[in-house]
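[1] Could you work out the structure for the sequence below:
(2 chains)
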Protein chains: 2
Amino acid sequence: MKRTRYILLLLLLSAANIHLSMTAWAEDGHSLWLRMAAGDNPQVTGPACTATSELRQYWQGGQLELKKTRGYGDEDYTIACQDGKTTVMASTDAGLLYGAFRLLRMQQTGADMSRFNISSSPAYSLRLLNHWDNPNGTVERGFAGHSIFWPSVNDDILLLYARANASIGINGTVLNNVNAKPQALATENLQQVKHIADILRPYHIRVYLSVNFASPIHVGGLKTADPLDKEVRAWWKKKADEIYKLVPDFGGFLVKANSEGEPGPCDFGRSHADGANMMADALKPHKGIVMWRAFVYNPQDKDRAKQAYNEFMPLDGQFRPNVILQVKNGPVDFQPREPYSPLFTALQKTPMAAELQVTQEYLGAANHLVFLAPMWREFFDEIGVRSEESEVNKARQLLTPNSSLLTAVAGVANIGNDTNWCGHDFAQANWYALGRLAWDPSLKSETIADEWLRQTFTNDEHFVKPMTQLMVQSRETCVSYMMPLGLHHIFAGGHHYGPEPWYTEPGIRPDWTPAYYHRADAEGLGFDRTKNGTDAVSQYPAEVCSQLNDINSCPEKYLAWFHHVPWQHRMHSGRTFWDELCYKYAEGVSGARQMLAQWDAMKQYVDEERFNDIQRRLRIQARDAEWWRDACLLYFQQFSKLPIPQGIEHPVHNLDEMMQFKIRISMYENPVRGYTK
Amino acid sequence: MKRTRYILLLLLLSAANIHLSMTAWAEDGHSLWLRMAAGDNPQVTGPACTATSELRQYWQGGQLELKKTRGYGDEDYTIACQDGKTTVMASTDAGLLYGAFRLLRMQQTGADMSRFNISSSPAYSLRLLNHWDNPNGTVERGFAGHSIFWPSVNDDILLLYARANASIGINGTVLNNVNAKPQALATENLQQVKHIADILRPYHIRVYLSVNFASPIHVGGLKTADPLDKEVRAWWKKKADEIYKLVPDFGGFLVKANSEGEPGPCDFGRSHADGANMMADALKPHKGIVMWRAFVYNPQDKDRAKQAYNEFMPLDGQFRPNVILQVKNGPVDFQPREPYSPLFTALQKTPMAAELQVTQEYLGAANHLVFLAPMWREFFDEIGVRSEESEVNKARQLLTPNSSLLTAVAGVANIGNDTNWCGHDFAQANWYALGRLAWDPSLKSETIADEWLRQTFTNDEHFVKPMTQLMVQSRETCVSYMMPLGLHHIFAGGHHYGPEPWYTEPGIRPDWTPAYYHRADAEGLGFDRTKNGTDAVSQYPAEVCSQLNDINSCPEKYLAWFHHVPWQHRMHSGRTFWDELCYKYAEGVSGARQMLAQWDAMKQYVDEERFNDIQRRLRIQARDAEWWRDACLLYFQQFSKLPIPQGIEHPVHNLDEMMQFKIRISMYENPVRGYTK
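    Numbering: from 1, shown residues only, chains lettered A, B, ... in the order given. Prediction:
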């Protein structure tokens, strides 16, 4: 408790600083969406807990009482305002905490607080961030500096991290990369885990670790990691005991096994269920869980998009109750647009986590403004989780029976030690949206953008309205200039930032080359996954399958995902597929430029530091959009042999220059000036 | 004569080759606009001369007779067609030659040849190219390879050069750079001049030399080059005699004296008239002439635009009759747009040559498609030489009294030993237009573009019509993306290719920095040359002067040339000056992109080699247009502090990146891939 008080004091001082700098109108994004002025409000009363102290510091209204009372779910709360008095009620400290941050959000977004009655409970009980942070401090696919967890921590940073997550409902965090080093479980490492857990605990955030399946060998000194081996099982049990002695509320393990070179149970002739269950057994006495990743694919298989389904469907029903299968939203890998992974509608007995990528590995890194809520809403919509306003259609209703199996949402974080946490100030909105949607997946993208903008910048409608529209449109714009009409995974070899639809290397795995996905030839473009092709469509429910299987009923946004589309195929617009492709790229380029012009017009509403940094990145984005258009259209034109339609802008680069242009970056950095076109 | 026959044979063979390659539809631009199939037409009769042999080879019609008869001017001709027989008549071989090429042009452009009667005579008696070629083969401001004259020549190339020039009426060529080395006059050099003259003579092209004023010292071994010194005068006389012994029809000297570091009569306390007259006296017995350049400016003077006038007006009437003052079209230096040099309307007694720059020193080098006929037509229009269709207005009539003093047109050539002669295939059109306008300055730009396109590419109307429009529009587009509304000379320090409005160096001559010309400050932009400023307006005739002096009557295209324009000045469009500037740059960028799209649509009408090369350059041009827009608008925005209007595209580069971007090129090369943005 002493520690917490000390931390709160620190926070108070730092919040005061933030306040000072706010009045001087020089902001750096470090305060995220928590830009409240701190005080000490004597009208706030309640039990000694984080919720009470947060409200006492930041509540600017009148009489306010926090009450703990029976009858609520673990994280639920109600807030009522009547006769000038506001009351927050919950059965737990966690419920009060979420109620407190709800109130503060209302205060910051200028909501009408005169009279209301709100109750809320989360849609998913596990709402996690996954940090792909390495022991040396690098962050895989991180574009905002180094890790805030490794090799060392800054307690102030961790405290703000905890507050930010609590404010949006995140209740767990995996502290290290899924490509886990065995030493994650070494005793000295666990001491640091304990330290982090102690700081996060007052904010109702549990810590988790990614573990290396071969840990018993590398850390334990055993000869095997076979999950049916007694010594191995005993080692995991002992390791779990050790962890829980340090961190009594430790969340559990996240495991990437037998995937992209990581060890796993299959190395010992066992199944994924065998591996997951062994760990589940070790964690069960402590109420820990195992999140077992379904991101498994084999170079020999015919269609990478089918493999997770093929691998895990036979195991449905074989997992322990405290195992959750963590499935990426799409069947390939976090592309700008993917149809949902068929596992979400196919598994009948296995609880699932939806793994969503907050960090923009495939969406322009920290250079592009791409608001991801619309992408995630699209996913939730497709698996039958309706939005506030989405229309119910028959296909969706068909998908709902097993939707209660979705019990967790995990977001691969975009957080680093950059001053503004995420590199691009607008990338903070994706962290924000992940938390908000994990709590309430029915939220409209507009709602999330609106409230984030108000808290992060200003309540001025002249800013909020156009910027909300800009944010909501940004993901479709990105899809248009990167990979429209179902195109996917045509990224460069050395990075996932720019285009290289021609990329290949001698002896490379075919499914690591763009041509595997785009299949461009004289007839057309796209991957035939129909019944005449790889039959991936059959992994979907019958009605969805028949819709996807027919080139005329398949949604055009997925056309090249499911079909090898003839260049002359007639689209709903009346254009040929080739012309439509050209128009889509043109729309992407003009969309990126419009974002820039819109932002330029917002100058008066934004502090200079953030305005300039965001403008700089939007300019890169506009240039990158041209790079994408030119590289892709000129490359595909070699196959289509068709002209770019008149009336739209034509490529301004030459294909040979595009093919010679390389950016040399690791998977741990954001492309900066000079790297980009 | 033997030599000529041998050359004609070579030509025949090479023309046959060209014909073969034409049928294979692979062209490289080497044939220029002379893509006629060669034959031996027995229906052509006439005296033994170049005209007869050209027509015998290339005439594809019926009976044709060339007749030499009295009564025509030296270069005049008539052509008549009646009852199926065509007759070319002239008093000289030259007249027949021009008539022959006129016929061939009609044939190639698909003119109706059934019945016509044409007579023609040139507007100016001297129609020259100036080659800025150095003895080591480099070409100053040349963007198409090395010199075709130095250090050695290829006779086939020279022959095609002669035919091309004769076909458009060029009758003289200055073989070396105006920044002349003294050794130009060394005896061994004169042998090569003789060789070149012998090849050009059958095509009625005289050769000239640029001379270094200090030649008597460096070549002659004298102690001075004082033009009033007897020994010096004797040296020049002797040198002239030597030249004329080798080249009896030698044209004369071109002199850049006391300009940009070159020696001149002022070094010896004498006037430009003293220097020019001394040379004129030496050349007079041989009917040679002196072309004395008026491009003289002094770093101490207040306004560079005024200096040539100030220097030469007091000398009006002091020059020998065989001296021509060679004046650049504008008062500064070949900018994308300049008002005419006031000397053209001010001098009352001195014959003048208009020096026009064919090579695109300031217009995107060999990367940008900029058809210069509209620029030159604008110049002719302003000095009172009307075009076929231009309307006569009062101001123009005022300017005409001394227009007969304009007796020569000199074009600074864009020719090198690149296969296609000019780097950019469309730069050939500027060589072509220079010759055509020097013969007939009333020709419309459309007419010249049309006939050049037909001869150089195809008579297909689907190609000729849109491409004519594209060419005619191209110069206005270039002005818009480089230096709209009267801006000038805001080029980079090391080259004249890209923008560097911020460029300066410690201790540099002020008039060698862009700020000297743009004068950007918090109030506005532009060089005040009104009566309240440097009073350059007063060098123009009274009515023109009063028009230019008033910011409300000054043509907006010259606004920043003559005025320091307030950012908020209201333009005819209703926009502020700042907004108009932004719109102009936007128009330039979209214009450059439209050219590219238009060209892309021409693919079916053009051979692959030229199509691809031109497309590659148009793409560079479109990107360069963005570079210009971004560098200039972002730089000037620092002064205007005004936003870029919405509804147009906004800069996609950052000013600091623009300022760091340097291309390192000499004045002898075209920026290539990698140099350009």
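[2] tally of neighbours for the residue in the stretch 151-300 of chain A positioned nearest to chain B?
    Closest contact between the stretch 151-300 of chain A and chain B, by CB to the nearest CB, is at A:Ile157 (29.3 Å). Backbone N, C-alpha and C define where each C-beta goes, glycine included. Using other CB atoms under 10 Å in any protein chain shown, A:Ile157 has 16 other residues around it.
[3] Make sure it is actually in contact with A:Ile148.
    Yes. Counting by CB atoms under 8 Å, A:Ile148 is a contact partner of A:Ile157 at 5.4 Å.
[4] residues shared between the contacts of these two?
    Residues touching both A:Ile157 and A:Ile148 (CB atoms under 8 Å, 6 or more residues apart in numbering or on different chains) are A:Asn417.
[5] quick one on the thing from earlier: give me phi/psi at the residue of the stretch 151-300 of chain A closest to chain B?
    A:Ile157 has phi and psi values of phi -60, psi -50 when expressed as degrees, to the nearest 10.
[6] Following element in sequence after the helix ranked longest in chain A, please.
    The helix spanning the most residues in chain A, taking DSSP state H as the definition, is helix A:608-640. Sequence order places helix A:655-660 as the next helix or strand after helix A:608-640, per DSSP states H and E.
[7] Give me the contact list for that next one.
    Helix A:655-660 is contacted by residues A:Pro499, A:Trp502, A:Trp627, A:Asp630, A:Ala631, A:Leu634, A:Tyr635, A:Gln638, B:Arg673 when judged by CB under 8 Å, 6+ apart.
[8] That one: which residues count as buried?
    Residues of helix A:655-660 classed as buried by neighbour count (16 or more other CB atoms under 10 Å in any protein chain shown): A:Leu655, A:Glu657, A:Met658.
[9] Span of stretch A:548-566 from start to end?
    Separation of the first and last residues of stretch A:548-566 by CA to CA, to the nearest Å is 16 Å.
[10] no wait, stretch A:501-520
    End-to-end span of stretch A:501-520 (CA to CA): 9 Å.
[11] Tell me the most packed of the contacts of helix A:655-660, by neighbour count.
    The residue in these with the most neighbours, by other CB under 10 Å, is A:Ala631 (25 neighbours).
[12] Was I right to think it contacts A:Tyr503?
    No. Using CB under 8 Å, A:Ala631 is not in contact with A:Tyr503; the gap is 10.6 Å.
[13] before we move on, back to that, any buried residues in the longest helix of chain A, and which?
    For helix A:608-640, the neighbour count (16+ other CB under 10 Å) marks A:609-611, A:613-637, A:639-640 as buried.
[14] same question, stretch A:242-250
    By 16+ other CB under 10 Å, the buried positions in stretch A:242-250 come out as A:Ile243, A:Tyr244, A:Val247, A:Phe250.
[15] In helices, which of those appear?
    Per DSSP H, the subset of the buried residues of stretch A:242-250 in helices is A:Ile243, A:Tyr244.
[16] possible to save the contacts of helix A:655-660 as a markdown table with pLDDT?
    A markdown table is the format used below for the contacts of helix A:655-660 (pLDDT from 0 to 100):
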| residue | pLDDT |
| --- | --- |
| A:Pro499 | 97 |
| A:Trp502 | 97 |
| A:Trp627 | 96 |
| A:Asp630 | 97 |
| A:Ala631 | 97 |
| A:Leu634 | 98 |
| A:Tyr635 | 98 |
| A:Gln638 | 98 |
| B:Arg673 | 60 |
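[17] For A:Met279, grab the count of nearby residues.
    29.
[18] For A:Thr530, list the residues it contacts.
    A:Thr530 makes contacts with A:Val537, A:Leu548, A:Asn549, A:Ile551, A:Phe562, A:His563, as judged by CB under 8 Å, 6+ apart.
[19] what's the distance between the residue nearest to the fourth one when sequence neighbours are not counted and A:Gly251?
    To tie it back to what came earlier, the one meant is A:Ile551. Distance criterion CB to CB, 6 or more residues apart in numbering or on different chains; nearest residue to A:Ile551, sequence neighbours excluded, is A:His563 at 4.9 Å. Distance, A:His563 to A:Gly251, by CB to CB, to the nearest Å: 42 Å.
[20] and if you look at A:Ala625?
    A:Ala625 is 40 Å from A:Gly251, by CB to CB.
[21] Quick one: name the residues of chain A near chain B.
    By CB under 8 Å from any CB of the partner chain, the residues of chain A that approach chain B are A:593, A:596-598, A:600-601, A:603, A:616, A:619, A:622-623, A:643-644, A:646-654, A:657, A:673.
[22] farthest-separated two in the contacts of A:Thr530?
    Spatially, the most separated pair among these is A:Val537 and A:Ile551, at 11.4 Å (CB to CB).
[23] Those two: which is more packed in?
    A:Val537 (24 against 18).
[24] quick one, what contacts the more buried one?
    Shown in contact with A:Val537 (CB under 8 Å, 6+ apart): A:Arg529, A:Thr530, A:Lys531, A:Cys545, A:Leu548, A:Asn549, A:Phe562.
[25] make it 10 Å
    A:306, A:339, A:342, A:529-531, A:544-550, A:554, A:562-563 (CB atoms under 10 Å, 6 or more residues apart in numbering or on different chains).
[26] Which members of those residues are classed as buried?
    For the contacts of A:Val537, burial is judged from neighbour counts taken by 16+ other CB under 10 Å, and it is met by A:306, A:339, A:342, A:529-530, A:544-545, A:547-549, A:554, A:562-563.
[27] Tell me, how many residues neighbour A:Ile205?
    Neighbourhood size, A:Ile205 [other CB under 10 Å]: 25.
[28] pretty sure it is touching A:Val247, no?
    No. Checked against CB atoms under 10 Å, the pair A:Ile205 and A:Val247 is beyond contact range at 11.9 Å.
[29] Give me the common contacts of the two.
    Common contact partners of A:Ile205 and A:Val247 (CB under 10 Å, 6+ apart): A:Ile196, A:Ala197.
[30] ok, back up a step: next up, phi/psi of the residue nearest to A:Ile551, please.
    The phi/psi pair for A:His563 (degrees, to the nearest 10) is phi -130, psi 150.
[31] Tell me the pLDDT of it.
    Looking at A:His563, its pLDDT reads 98.
[32] show me the contacts for it.
    Contact analysis of A:His563 by CB under 10 Å, 6+ apart lists A:486, A:524-530, A:532-533, A:537, A:548-551, A:554, A:569, A:577.
[33] Now, those that are in helices?
    A:Leu548, A:Asn549, A:Phe577.
[34] who touches the second one in this structure?
    The one in question is A:Asn549. Each residue near A:Asn549 by CB under 10 Å, 6+ apart is listed here: A:Arg529, A:Thr530, A:Lys531, A:Asn532, A:Gly533, A:Asp535, A:Ala536, A:Val537, A:Ser538, A:Tyr540, A:Phe562, A:His563.
[35] circling back to that earlier point, so what sits against both of A:Val537 and A:Ile551?
    A:Thr530, A:Phe562, A:His563.
[36] Tell me the one of those residues nearest A:Met375?
    Nearest member of the shared contacts of A:Val537 and A:Ile551 to A:Met375, counting by CB to CB, is A:Phe562, at 18.5 Å.
[37] in which helix or strand would I find whichever residue of the stretch 201-350 of chain A sits closest to chain B?
    Closest approach of the stretch 201-350 of chain A to chain B (CB to the nearest CB) occurs at A:Pro336, with a separation of 20.8 Å. Secondary structure from DSSP H and E places A:Pro336 outside every helix and strand.
[38] wait, it sits on A:Arg475?
    Yes. Assessed by CB under 10 Å, A:Pro336 is found in contact with A:Arg475 at 7.5 Å.
[39] what's the overlap in contacts for these two?
    In terms of CB under 10 Å, 6+ apart, A:Pro336 and A:Arg475 are both contacted by the residues A:Leu363, A:Val370, A:Leu372, A:Met375.
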